[in-house]
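Trainee: okay, predicted coordinates and the sequence, questions at the end:
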Amino acid sequence: MTIRVLVVEDEQIAAEAHRTYVERMPGFEVVEVARSFQDAARLLSSESVDLVLLDMNLPDGHGLDLLRRLRATGGLHDVIAVTSARDAEVVRQAVAHGVVAYLLKPFTFAMFEVKLRQYATFRATLGRDESVDQDAVDAVFGAMRPAPGDVPLPKGLSAETLEDVRRVLTSAAAGLSAGEVAELVGSSRVTARRYLEHLAEMGLLSRGTRYGGSGRPHVEYRSVSQ
């Protein structure tokens, strides 16, 4: 079954790019592109839509408000946030209102493709049976979390070191800075940061800010499984 997608994006170049990306994906079709909060609300009430690709920063409203309206009216559309909004509270609110994935701009088609393939697996897993057991539930939620090998690595990164960095963060009792990760895996801080940023873009790590001491704050990375 074809997955019908509504793209909600106010910037013309980004909107057309997202439309093109969706049209390159087998099993997906773009219903329409909404360039504002009001356009999106109108289309969601009148069109058959399975998946919303939602920008959070719209000229006449916020994506979170659109999500709240959607849920308040009983809308069960799935939503993937496609946005530059990095505020932790926005992310928490998005998750609370049922966003199934969060894709930060800028991103490559490869990353976009992974998210949509994961979503297709997510829908297919839910749609197989009328009831599910624990293994099936785990498969549904696991479908939206990428494995490190799902996304082509940027030039200069190795799968072995990526796995070392991921393992260090997964086993850490608290968040780690790039410098701390570099010491643990035996690399430079700049190299460690490249791997950490790649994992963060995949949604496997979260970023935070660590304050303290006389120096400037550090970016701190934490496994999302913690």
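Mentor: Here it is on my side, so go on.

Trainee: contacts, neighbours, all on C-alpha from now
Mentor: Will do.

Trainee: break the chain into its domains for me.
Mentor: 3-145, 153-223 (automatic domain parsing).

Trainee: centre of the chain to the longest one, how far?
Mentor: Put plainly, it is domain 3-145. On the basis of C-alpha atoms, centre = their mean, to the nearest Å, domain 3-145 is displaced by 9 Å from the centre of the chain it belongs to.

Trainee: can you check stretch 160-173 too?
Mentor: 20 Å.

Trainee: got the contact list for that stretch?
Mentor: If you take C-alpha atoms under 8 Å, 6 or more residues apart in numbering as the criterion, stretch 160-173 is touched by 148, 175-176, 181, 184-185, 192, 195-196, 199, 221-223, 225-226.

Trainee: can I have the buried ones of these as a ChimeraX selection?
Mentor: This is the ChimeraX syntax for the buried subset of the contacts of stretch 160-173, where burial follows 16 or more other C-alpha atoms under 10 Å:
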select :148,175,176,181,192,195,196,199,221,222,223
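
Trainee: from the contacts of stretch 160-173, pick the one nearest residue 84.
Mentor: Nearest to residue 84 out of the contacts of stretch 160-173 is residue 199 (C-alpha to C-alpha; 16.9 Å).

Trainee: returning to that earlier point: wait, which of the contacts of stretch 160-173 is closest to residue 35?
Mentor: Closest to residue 35, out of all of the contacts of stretch 160-173 and judged by C-alpha to C-alpha, is residue 199, at 30.5 Å.

Trainee: helices and strands around the helix or strand containing that closest one, which ones?
Mentor: According to DSSP states H and E, residue 199 maps onto helix 189-201. Applying 3 or more C-alpha pairs under 8 Å, 6 or more residues apart in numbering; DSSP states H and E, one finds that helix 189-201 contacts helix 159-171, helix 178-185, strand 205-210.

Trainee: which of the ones you listed sits closest to residue 14?
Mentor: Per C-alpha to C-alpha, nearest to residue 14 of the helices and strands packed on helix 189-201: strand 205-210, 24.5 Å.

Trainee: ok, residues contacting the closest one?
Mentor: By C-alpha under 8 Å, 6+ apart, strand 205-210 touches 196, 199-200, 217-224.

Trainee: which parts of this protein are helices?
Mentor: 12-23, 37-46, 63-72, 88-96, 109-127, 134-142, 159-171, 178-185, 189-201 (DSSP state H).

Trainee: worst mean pLDDT among these?
Mentor: For these, mean pLDDT drops lowest on helix 134-142, to a mean of 61.

Trainee: please report how far the residue positioned nearest the centre of the chain lies from residue 160.
Mentor: Closest to where the C-alpha atoms of the chain average out (C-alpha atoms, centre = their mean) is residue 102, at 2.5 Å. Going from residue 102 to residue 160 by C-alpha to C-alpha, to the nearest Å gives 26 Å.

Trainee: I'd like to know how many residues surround residue 41.
Mentor: 16 (other C-alpha atoms under 10 Å).
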